[in-house]
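**Q** Sequence and computational prediction follow.
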Amino acid sequence: MCFVARNGHFTAFAAVIIVALLLSSCVALPGIRHEGPPLLAYPSDYTPQVFVLYEPYPLTQSWLEGVVPVPSYQGWTDERMTRDLNRMRDIGLHGLFLCLRPESLADPFVIERISRFYDLVQTAYPGFSVALTIVPPQKMAMSRQNVVSYMRKQGIFDAECVLRLSGRPFLGFSEDITLTDRPISDVSIRQWGNEWHVRPRNGDYDQVSAHESFIWVCAGFCGEQRATQKKAMAQWPQPRDKHGDFFRLGLRKAFAAGAAIVCIDSWNNFVAGSFIEPNNYDNDLMCRVLREELVELARQRNTP
């Protein structure tokens, strides 16, 4: 009985010691707390327009292995439109670049969906801008005149929510398109890799120019990797770390450079791995990072 009692006292004493050691170890570990990248000072009175590339009809069959949006979807339904716009508004985005393939613009159903999307933006999301951008699956040549004439016929430039630069409706083209005729004076045409050429896909944001009016910020690119295994993640030119620090630092450097338009690449490019849409890989991490950085930008702007 004495042995049992002594053993019981020893067991209780040992448990107390173990708990104390665990607590002391927790207290002794603040040095490994995640600090994140350093804050950067932004230009005084700086108010950028922050946009995101958005694909209404992504190539879902080419998505990264094992990565899907949450909730997943097929098609560009009213429900998905509303969900995406609500999420973007909650983050604090000012607009989106609506990326469409040339052949889809010849589809009456897609034209109806674009019209529906514009109506929804104008009714429920005043001040939010939409900038149509043509993104082909491969290199091709296109006529500015033909495209603009078609857009006018469809009334796409007439919506109030259309992004306008210097009062002219915006029309974007990807760098894979060769434009075959002269610029058009009453439409603001921009081409990735030409008029808007800062695209630091390698994550080297120290190379962006402080005099650019437009800067890309990548959420992450997978390069040639086709899976999201941890060993593959380390090979990404723009890694997706568990804290979103590469994305966060890119945002801070873009804001510090003073770009008038900062474009996030992208909302749902699950093919390249550069996505911020909530997903089953890192949930809403990138959305939270972007929201936090926009809050910090506003705080610096409002601090005397």
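**A** Looks like it arrived, so ask away.
**Q** Quick check: residue 247 vs residue 104, distance?
**A** Per Cβ to Cβ, to the nearest Å, residue 247 is found 29 Å from residue 104. All C-beta atoms are positioned from the backbone trio N, CA, C, and that covers glycine.
**Q** So which of those two has more stuff around it?
**A** Taking other Cβ atoms under 10 Å, residue 247 and residue 104 do not tie; residue 247 has more neighbours (27 against 15).
**Q** which secondary structure elements does the strand or helix carrying the more buried one contact?
**A** Per DSSP states H and E, residue 247 falls inside helix 245-257. Counting contacts by 3 or more Cβ pairs under 8 Å, 6 or more residues apart in numbering; DSSP states H and E, helix 245-257 packs against strand 214-218, strand 261-265, helix 285-302.
**Q** Out of those, which gets nearest to residue 86?
**A** Among the helices and strands packed on helix 245-257, helix 285-302 comes nearest to residue 86, with 11.7 Å by Cβ to Cβ.
**Q** mind listing what's buried in the closest one?
**A** The neighbour-count check on helix 285-302 (16 or more other Cβ atoms under 10 Å) flags 285, 286, 287, 289, 290, 292, 293, 294, 296, 297, 300 as buried.
**Q** nearest to residue 161, of the helices and strands packed on helix 245-257?
**A** Residue 161 lies closest, by Cβ to Cβ, to one member of the helices and strands packed on helix 245-257: strand 261-265, at 16.0 Å.
**Q** so what secondary structure elements neighbour that closest one?
**A** With contacts taken as 3+ Cβ pairs under 8 Å, 6+ apart, strand 261-265 sits against strand 49-54, strand 214-218, helix 245-257.
**Q** What are the contacting residues of it?
**A** For strand 261-265, the surrounding residues in contact (Cβ atoms under 8 Å, 6 or more residues apart in numbering) are 48-53, 93, 97, 199, 213-219, 251, 254-255, 274, 276, 290.
**Q** Helix 245-257 and that one, what's the angle between them?
**A** 170 degrees (axes from the mean of the first three to the mean of the last three Cα atoms, to 10 degrees).
**Q** Residue 215: neighbour count?
**A** 26.
**Q** quick one: the closest residue in space to it that isn't next to it in sequence from residue 49, how far?
**A** Nearest non-adjacent residue to residue 215, counting by Cβ to Cβ, 6 or more residues apart in numbering: residue 259, 4.0 Å away. As defined by Cβ to Cβ, residue 259 lies at a distance of 9 Å from residue 49.
**Q** Between those two, which is the more surrounded one?
**A** residue 259 (26 against 15).
**Q** ok so, going back, could you double-check that the residue nearest to residue 215 sits in contact with residue 216?
**A** No. Look at residue 259 against residue 216 with Cβ atoms under 8 Å: they stay out of range, at 9.3 Å.
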